[in-house]
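1. compute the structure for the input listed below.
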Amino acid sequence: MEGRETCMRTLRIGLCQINTTVGDIEGNTKKIVSYIQKGKRKGVDLLAFPEMAVTGYPPEDLLLMPKFIEAKLRAVDEIAKATPSITAIVGFVDRDRDIYNGAALLHDGKRVCAYHKSYLPNYGVFDEDRYFQAGRENLVFVLESTPIGLSICEDLWYPGDPVRTQTLHGGAELIVNISASPFHAGKIASREKMIATRAADNGAIVAFCNLVGGQDELVFDGGSMIFDQRGNLIARARQFEEELLVADLEMEAVFRLRLHDPRIRRERIAEEPKALRKIDLPNRGAKKKPSLSSPRITEAMDPLAEIYAALVLGTRDYLWKNGFRTALVGLSGGIDSALTATIAVDALGKEGVVGVTMPSPYTSSESIEDAELLARNLGIRFLTLPITEIHQAYLKALALPFKGLQADVTEE
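-> Coordinates of the predicted model:
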């Protein structure tokens, strides 16, 4: 006890909120390694990367290809080589007679073990139960005298295991959750409320590392965050941007809180412990760290700014991750095409957008003028492609079936 009272235990954690690409194992691996180097320069003890950071999320039917699984496992071994003097948690797909949504624990150049996701969502945009086997074992590892529990995305949304067993029976003072939690309007508020509740209920610091970026119809908003053992927000990353969020965690404060909470003692006796694996990582000893300012709590976006940022990021990543660099936007002179073109310019830059208007006999001069003005204001290339002759060719081809009918919106 005297040792604990005379020495404050501080753990420096880094949440690597990165934008990955599904299937680009090589590119994702390079990005992960680059963030490991950034973490080392900042004196980080423990780095966390998002769910399935190696493969990108969601990999879907790529998981049915054995060569893809093998390439991903080789990538994890390569990432492990970059971890001398640091510990990292990296989302990947593990294989052990079946495949698992896993978190690899990498320490001092080696892969130590892996945690497997317990709760596999199979609703809405999720289809994990189709591909993965659920994990059955809780994991706690001890780093620099601090017990740490691992969980993956959906695991944290449930009030029981794995977090309950990790904290109550494994003594975890820090819960690290790696996620690929997609955006919808209002999601950040419900997410924060849930994480704050898990932290306060379990008397543990909770560090939530979320994916950022667009993948097909999904947008991941980042907003990684840390809550202390009382459920107070102490750090939050930006939304819709890559970031390395670094914070010094006062772990002794968790221990002091639990000394004054008799519930934990009673519940530990009353509840039967579940399957729990505990690993002690070799201590690296004290190291000199660069000074670190107080953790930043980035202000959450207002609802409209949040939705607009999601549209911009989703558009940019959909095009870029599919190999496109230019978007062609039809400009009618109306508000819908004006908003679409503005989003495209914010996503791709003005050099990556071409506006097109296609006047017909039904197009007003005001519509053409508004389209031209929008293109000038956005600074994009503008094309005018009249379709009167094409329209007339259609009318000629349809002359017989249209014979005797008054012209209406069909022709328009």
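2. helices and strands of this structure: which one bottoms out on pLDDT?
-> Lowest by mean pLDDT, DSSP states H and E among the helices and strands of the chain is helix 2-6, with a mean of 44.
3. residues near Cys16, how many?
-> Using other CB atoms under 10 Å, Cys16 is surrounded by 29 other residues. Every residue, glycine included, has its C-beta placed from N, CA and C.
4. what's across from it in the sheet?
-> Leu244 (DSSP bridges).
5. and the helices in the stretch 201-350 of the chain?
-> Applying DSSP state H, counting those that start in this stretch to the stretch 201-350 of the chain gives helices spanning 251-259, 262-270, 303-321, 335-348.
6. kindly calculate the angle that the third one makes with helix 335-348.
-> With axes from the mean of the first three to the mean of the last three CA atoms, to 10 degrees as the criterion, the two stretches helix 303-321 and helix 335-348 enclose an angle of 60 degrees.
7. can you list contacts of helix 303-321?
-> Here helix 303-321 makes contact (CB atoms under 8 Å, 6 or more residues apart in numbering) with 19, 21-22, 183, 185-186, 188, 212-216, 219, 221, 239-240, 300-301, 325, 327, 343-344, 346-348.
8. could I get the buried residue list for it?
-> For helix 303-321, the neighbour count (16 or more other CB atoms under 10 Å) marks 306, 308-319, 321 as buried.
9. the second one too?
-> In terms of neighbour count (16+ other CB under 10 Å), helix 262-270 has its buried residues at Ile264.
10. distance from the chain centre to it, please.
-> What separates the centre of helix 262-270 from the centre of its chain is 35 Å, taken as CA atoms, centre = their mean, to the nearest Å.
11. that helix - contacts with which helices or strands?
-> The contact analysis (3 or more CB pairs under 8 Å, 6 or more residues apart in numbering; DSSP states H and E) places helix 262-270 against helix 163-168.
12. pull out the buried residues from the helix it packs on.
-> Buried residues in helix 163-168, counted by 16+ other CB under 10 Å: 163-168.
13. do stretch 87-98 as well
-> Neighbour counts over stretch 87-98 (16+ other CB under 10 Å) mark 87-94 as buried.
14. pull the most distant pair out of those residues.
-> Within the buried residues of stretch 87-98, Thr87 and Val93 form the most distant pair, 20.7 Å apart (CB to CB).
15. look up how far Phe220 lies from Asp317.
-> As judged by CB to CB, to the nearest Å, Asp317 and Phe220 stand 9 Å apart.
16. okay, and the common contacts of these two?
-> Residues touching both Asp317 and Phe220 comprise 213-214, with contact defined as CB under 8 Å, 6+ apart.
17. would you map out the domains in this structure?
-> 2-280, 325-402 (automatic domain parsing).
18. right, and Ala327 touches Leu348 too?
-> Yes: using CB atoms under 8 Å, Ala327 is in contact with Leu348, at 6.0 Å.
19. among the helices of the stretch 201-350 of the chain, where is the model least confident on average?
-> When the helices of the stretch 201-350 of the chain are ranked by mean pLDDT, helix 262-270 comes last with a mean of 74.
20. I'd say Met8 and Leu249 touch.
-> No: with contact defined as CB under 8 Å, Met8 does not reach Leu249; the gap is 10.9 Å.
21. of the two, who's got more company?
-> Neighbours were counted for Met8 and for Leu249 using other CB under 10 Å; Leu249 has more, 25 against 10.
22. that one and Ala371, how far apart?
-> Leu249 is 55 Å from Ala371, by CB to CB.
23. check Tyr318 too.
-> Distance, Tyr318 to Ala371, using CB to CB: 24 Å.
24. let me know the pLDDT of the spatially most central residue of the chain.
-> Per CA atoms, centre = their mean, the C-alpha nearest to the average position across the chain is that of Leu211, at 1.2 Å. At Leu211, the model reports a pLDDT of 98.
25. ditto for the one 4 residues further on
-> On the pLDDT scale, Gln215 is placed at 95.
26. pretty sure it is touching Pro59, no?
-> No: at 9.7 Å, Gln215 does not count as touching Pro59 under the criterion of CB under 8 Å.
27. between these two, which contacts overlap?
-> Contact criterion CB under 8 Å, 6+ apart; residues shared by Gln215 and Pro59: Val22.
28. name the residues of stretch 67-87 that are buried.
-> Buried residues in stretch 67-87 (16+ other CB under 10 Å): 68-69, 71-73, 75-76, 78-80, 82-83, 86-87.
29. er, stretch 239-250 I mean
-> 239-241, 243-250.
30. hmm, which two among the residues you listed are most spread apart?
-> Pairwise distances across the buried residues of stretch 239-250 (CB to CB) peak at 29.9 Å, for the pair Phe240 and Glu250.
31. check which helix or strand covers the residue lying closest to Gly231 once chain neighbours are set aside.
-> Using CB to CB, 6 or more residues apart in numbering and skipping residues adjacent in sequence, the residue nearest Gly231 is Ala200, 3.3 Å away. If you go by DSSP states H and E, Ala200 is part of helix 187-202.
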